Every structure is written in C-alpha cells, then in structure tokens.
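Asks: my questions are about this predicted structure, shown below with the sequence.
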Amino acid sequence: MSKTFSELGIHAELQESLAKLQISVPTNVQEKTIPLILNKKDDVVVLAKTGTGKTAAFGLPLLQLIDAENKNIQALILAPTRELGQQIHANLVSFATESQKATIASICGGIPIKPQIERLKETTHIVVSTPGRLVDLVKREAINIKDINYFILDEADEMVSALKEEVDAIIKEIPKTRRTLLFTATMPGTIKQLVQNYMSKHVVHVEADMETVGHQGIDHQYVVVEPIEKLNVLLHFLASKEGERGIIFCKTKAAVNKLAKNLAINKFSSGAIHGSLTQGIRDRIMGQFREGNIDILVATDLAARGIDVKEISYVVNYHLPDTYGTYVHRSGRTARAGATGLSLSIIQQEELEEIPEFEEDLGIVFKEYKKADAQSIEENNGLLWAKKIFKIKPNRTVSEDYKSQIKTIFHHLTKEELVDKIFADYLAQTANAKIKPEASKKKKKK
C-alpha cells in the first residue's frame with residue numbers, strides 16, 4: 001500500500017498545496033526519494049522514466065529544506081532545455097506555500113538576458129536554469145553559485161551527451177561540499193563517469209518504475225517499408241489516428257522541416273520544433289500543442305524534452321534512434337500518468353536486425369504493425385486529397401465575370417455529378433503520375 005506524503009515527511013502546508021493540485025498519493029519515485037533527500041546527507045542518483053513525478057520527488061523536499069532567512073542561492077537545478085526548465089519552475093511555484101517564502105527564479109536561454117540579471121539582484125533561493133545560459137551569467141558575474149547547498153541535474157543523460165562542456169564548467173564553479181541529486185531515465189557510460197568524477201563515494205542509488213519500458217502501458221510496434229512508401233505509410237497511420245495527439249521524432253532538423261511541410265500540404269493539424277527555431281516560435285508551437293490546437297508535433301529529440309502532455313496517445317519513430325536511451329525518452333512521451341500508448345517505429349529492411357537488439361537491451365517486445373496495402377494507401381491519399389479540397393479557401397481575386405463563366409459550365413450538374421467528375425479527374429491524374437516514372441525507367445534502360 002502506498003504511503004502518504006505525511007508519512008514521507010512532507011510538511012502539512014506543502015500537503016495543502018498538493019491537495020489543491022489534486023495530488024494525494026505519492027508515485028513510486030517520490031516514495032523512494034523524498035525520505036532520502038529529507039533525512040540523509042548523501043548524494044543521490046535516481047533512475048526513473050519520464051512522466052513518473054521526478055520534479056515533485058526533488059522539488060518538495062527542496063522547498064522544505066530551504067532556509068528563507070539565508071539570502072544566498074541555496075539550490076541550483078539544471079535542465080537540458082528551456083521547455084523543461086520552465087515546466088520545473090512552474091511546478092515548484094505551484095508546490096510552494098506563502099508561509100515558506102522560498103523564492104524561485106527561472107533563468108533559461110532563448111529569452112533576453114538583461115531581465116534575468118535584474119531578477120538575480122533580488123533575493124533568490126532556488127535557481128532553475130539551462131546550462132548555456134547559466135555559464136553566460138557566471139561569466140558576466142551576474143550570479144553567485146559558489147555557496148549552493150544542493151545541485152540537481154534533471155534529465156542528466158541528455159545533458160552529459162549534448163551539453164557536457166557547459167555542465168563541466170558549472171561543476172567547477174559550485175562548492176565541493178554541495179549535495180548532488182541526479183535524475184536520469186537511462187544510465188549510459190557518460191552518466192556513470194559523471195557520478196564517479198563529481199559525486200561523493202557514498203552515493204545512494206534509487207531505481208523506480210523501471211521494471212521494463214514495456215510494462216508502463218506502451219505497445220511497441222514496428223513496420224518495415226521501402227524508402228519510396230515511407231511517407232504514405234505514415235500518412236495512412238496518421239489518418240487512422242485522427243483527433244488523437246502524437247509526436248513524430250526525426251533525427252535531424254532538416255528531416256523535421258521536410259516532414260512538417262508534407263503534413264501541412266496534406267492538411268494535418270501539426271507543428272514542428274527543433275533547435276534552430278527561435279524560442280518564440282518554439283513556445284508558440286508548444287503552447288498550441290499543450291492546449292490541443294494542433295494534434296501532431298514533429299520534433300528532434302532534444303527539442304522535445306520538457307513536453308509534459310498526458311494525452312499523447314502515440315509516438316512515431318520516423319527514424320530509428322541511435323541509442324537505446326533515446327528510445328526510452330521518445331516512447332516515454334506516451335502512456336503517461338497511467339494511460340496506455342503506442343510507440344511505432346517506421347524502419348527499412350536493413351534496420352530490421354536492430355529490433356532484437358532493442359528488445360534485449362530494454363527488456364521489451366516489439367510487435368509487427370500491419371502495413372497498409374497499396375489499395376488502402378491509394379484510398380487514403382484520395383481522402384487526404386478530398387480534405388485538402390474541402391479546406392481550400394475561395395480565391396477572392398478572381399473577377400465575378402470570369403467566375404460566372406465557370407459556374408455556367410457546371411450549373412446543370414448536381415452536387416453528386418460534380419463530385420464524381422472532380423474525383424474522376426483526380427484518379428486520372430494519379431494514374432498518369434504512376435505511368436510517367438515507369439516510362440522514364442524504360443528510357444534509362446534503353
């Protein structure tokens with residue numbers, strides 16, 4: 001039976017804040033971690049998947065341990081992306097109580113630095129930051145992190161791979177006597193090296209909700225495609241998920257842009273995020289996704305960090321990830337908060353041999369997704385074409401006289417007859433499009 005927050009040592013005032021947020025039962029990671037942070041002095045390494053309540057696992061005890069009378073920065077929380085940093089900051093603010101008087105600042109990248117410098121002139125107890133922005137502030141001598149008591153690394157596996165130089169520079173600035181709390185969804189060699197180099201010898205290791213990736217309500221599937229049919233198979237799958245929200249992962253920014261353009265052409269409710277977009281654009285698209293104004297997000301791995309949307313019903317690996325850890329992060333975006341979800345990998349024949357390796361390393365089982373046959377794909381393309389026609393806005397620049405002449409040609413047709421003729425024209429065009437590539441192939445052979 002799960003313990004209560006009271007039994008874990010959380011003060012009554014914080015419990016009241018949690019009650020207002022309708023949080024009453026601790027998750028597995030919270031149950032295992034909170035007492036360690038509150039009652040021990042050791043460094044802690046927590047291995048837990050995304051969406052298991054890690055922010056509250058370190059945030060609640062931190063808020064309780066902060067000394068409001070001490071004007072120094074006492075806790076530094078690092079996150080790999082601004083989106084995740086903002087999410088952590090918002091959660092901590094929602095947990096905090098007025099009587100605690102702990103002040104929390106978010107100083108992430110992607111927004112003007114001057115207001116952040118001004119903010120840091122005020123009393124700040126907890127700082128949530130991205131590594132790059134923090135390094136910049138340290139160089140400007142706008143922040144003092146030499147007296148912190150707690151150093152928290154969230155999504156540490158991502159930071160030590162993509163942001164290692166910045167993290168190393170920050171660790172050199174903070175006191176050796178601080179207490180380090182490291183949270184990660186995977187345990188690659190780089191994390192083990194960081195633990196060995198920068199954490200105390202008496203590290204407490206916690207593992208929560210990590211039975212296997214496959215036991216958290218995720219249905220892992222793959223479909224083998226030819227390169228030429230990859231997009232059509234995806235479009236057919238997305239059409240079957242109309243009205244549901246999902247994330248499609250690509251390896252590169254260029255691939256994200258190309259796929260997002262194809263989805264837009266086919267009138268799918270979608271948006272794209274990657275590191276080269278301005279923070280304003282990323283924030284706007286993420287806001288639209290969180291609020292349900294768009295159903296599909298196309299993203300690179302790093303840009304997708306910090307997405308905490310419970311109603312994501314599927315994840316698509318448009319490109320198979322390079323590491324098992326990345327697959328854990330991707331698939332962990334679905335089936336959150338006890339829900340179920342699908343993780344579909346669209347692969348080519350030469351990648352099929354990698355599936356058993358993913359299964360063995362992650363302790364999961366992949367099922368083969370039944371690929372749509374040629375007729376189903378053709379029919380789906382026809383439906384997508386019809387939706388595009390339906391969503392096209394009338395051209396208001398055409399003269400009324402010209403428009404009247406066109407209408408005269410069609411005026412004697414019924415609605416059904418007009419649809420039949422337009423559809424027949426579409427089918428003829430698609431048939432001609434198939435014939436042309438075949439003809440060009442024959443010419444090349446000659």
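Replies: That came through fine.
Asks: not counting its own residues, what contacts stretch 163-174?
Replies: Stretch 163-174 is contacted from outside by 76, 78, 80, 131-132, 134-135, 138, 145-146, 148, 151, 153, 159-160, 190, 194, 198, using C-beta atoms under 8 Å, 6 or more residues apart in numbering. Where C-beta positions appear, they are placed from N, C-alpha and C, glycine not excepted.
Asks: roughly how far is it from the heart of the chain?
Replies: On the basis of C-alpha atoms, centre = their mean, to the nearest Å, stretch 163-174 sits 24 Å off its chain's mean C-alpha point.
Asks: what do you get for stretch 417-427?
Replies: 42 Å.
Asks: list the buried residues for it?
Replies: Of all the residues in stretch 417-427, not one is buried under the rule 16 or more other C-beta atoms under 10 Å.
Asks: which other residues reach that stretch?
Replies: Contact with stretch 417-427 is made by 382, 385, 386, 389, 410, 413, as judged by C-beta under 8 Å, 6+ apart.
Asks: and for stretch 247-257?
Replies: Around stretch 247-257, the neighbours that count as contacts under C-beta under 8 Å, 6+ apart are 234, 259, 272-276, 296-301, 304, 307, 312, 314-319, 321-322, 330, 333-334.
Asks: show me how the protein divides into domains.
Replies: With domains defined by automatic domain parsing, the chain comprises 5-208, 213-374, 393-445.
Asks: may I see these arranged in TSV, with mean pLDDT as well?
Replies: Shown next, in TSV, are those (pLDDT from 0 to 100):
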stretch	mean pLDDT
domain 5-208	92
domain 213-374	88
domain 393-445	78
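Asks: isn't residue 181 up against residue 42?
Replies: No. Counting by C-beta atoms under 8 Å, residue 181 stays clear of residue 42, with 9.9 Å between them.
Asks: between those two, point out the one with more neighbours.
Replies: Neighbours per residue, other C-beta atoms under 10 Å: of residue 181 and residue 42, the larger number sits with residue 181, 27 against 16.
Asks: buried members of the contacts of stretch 417-427 into PyMOL, please.
Replies: One line in PyMOL is enough to select the buried ones among the contacts of stretch 417-427; burial here means 16+ other C-beta under 10 Å:
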select buried, resi 385
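Asks: which residues in the stretch 201-350 of the chain form strands?
Replies: For the stretch 201-350 of the chain, the strands identified by DSSP state E, counting those that start in this stretch occupy 204-208, 218-224, 245-249, 270-273, 296-299, 312-317, 341-347, in order along the chain.
Asks: report the buried residues of the one helix or strand residue 376 maps to.
Replies: Residue 376 is part of helix 374-391 when elements are defined by DSSP states H and E. Judged by neighbour count (16+ other C-beta under 10 Å), helix 374-391 contains these buried residues: 377, 378, 380, 381, 384, 385.
Asks: the residues you listed into TSV, with extra columns for pLDDT and distance to residue 84?
Replies: Rendered in TSV, the data for the buried residues of helix 374-391 read as follows (pLDDT from 0 to 100; distance: C-beta to C-beta, whole Å):
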residue	pLDDT	distance to residue 84
377	76	37
378	81	42
380	77	36
381	78	38
384	77	34
385	82	39
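Asks: of those residues, closest to residue 267?
Replies: Of all the buried residues of helix 374-391, residue 384 has the smallest distance to residue 267: 7.1 Å, by C-beta to C-beta.
Asks: that closest one reaches residue 266, doesn't it?
Replies: Yes. With contact taken as C-beta under 8 Å, residue 384 and residue 266 are classed as touching, separated by 4.9 Å.
Asks: between the two, which contacts overlap?
Replies: Shared contacts of residue 384 and residue 266 (C-beta under 8 Å, 6+ apart): residue 235.
Asks: pretty sure residue 430 contacts residue 381?
Replies: Yes. In this structure, residue 430 sits in contact with residue 381. The criterion is C-beta under 8 Å, and the distance is 7.4 Å.
Asks: so which helix or strand takes in residue 166?
Replies: Using DSSP H and E, the element containing residue 166 is helix 164-173.
Asks: that older thread, which residues touch the helix holding residue 376?
Replies: Residues outside helix 374-391 that contact it (C-beta under 8 Å, 6+ apart) are 229, 232-233, 235-236, 239, 265-267, 372, 422-423, 426-427, 430.
Asks: residues in contact with residue 349?
Replies: When contacts are counted by C-beta under 8 Å, 6+ apart, residue 349 is found next to residue 224.
Asks: let's go with 10 Å and repeat that
Replies: Contacts were defined as C-beta atoms under 10 Å, 6 or more residues apart in numbering; by that measure residue 349 touches 224, 225, 226, 227.
Asks: now do the contacts for the first one.
Replies: With C-beta under 10 Å, 6+ apart as the criterion, the residues that contact residue 224 are 233, 345-352, 355, 368-369, 371.
Asks: drop anything exposed from those residues.
Replies: In these, burial by neighbour count holds for 233, 345, 346, 347, 355, 369, 371, counting by 16+ other C-beta under 10 Å.
Asks: before we move on, the earlier item: just the buried residues of helix 374-391 now: which is nearest residue 104?
Replies: residue 384 (46.7 Å).
Asks: and that closest one, how far from residue 427?
Replies: Distance, residue 384 to residue 427, by C-beta to C-beta, to the nearest Å: 14 Å.
Asks: same question for residue 180.
Replies: In terms of C-beta to C-beta, residue 180 sits 64 Å off from residue 427.
Asks: before we move on, what about residue 217?
Replies: As for residue 217, its distance to residue 427 is 42 Å (criterion: C-beta to C-beta).
Asks: residues touching the nearest residue to residue 299 once chain neighbours are set aside, list them.
Replies: Leaving aside its chain neighbours, residue 299 sits nearest to residue 273 (5.0 Å; criterion: C-beta to C-beta, 6 or more residues apart in numbering). With contacts taken as C-beta under 10 Å, 6+ apart, residue 273 has the following neighbours: 83, 247, 253, 256, 260, 281-286, 289, 297-300, 302-304, 307.
Asks: so which of those residues sit within helices?
Replies: In helices, defined here by DSSP state H, the members of the contacts of residue 273 are 83, 253, 256, 260, 281, 282, 283, 284, 285, 286, 289.
Asks: just among those, which is most surrounded?
Replies: Result: residue 256 is most packed of those (other C-beta under 10 Å), 25 neighbours.
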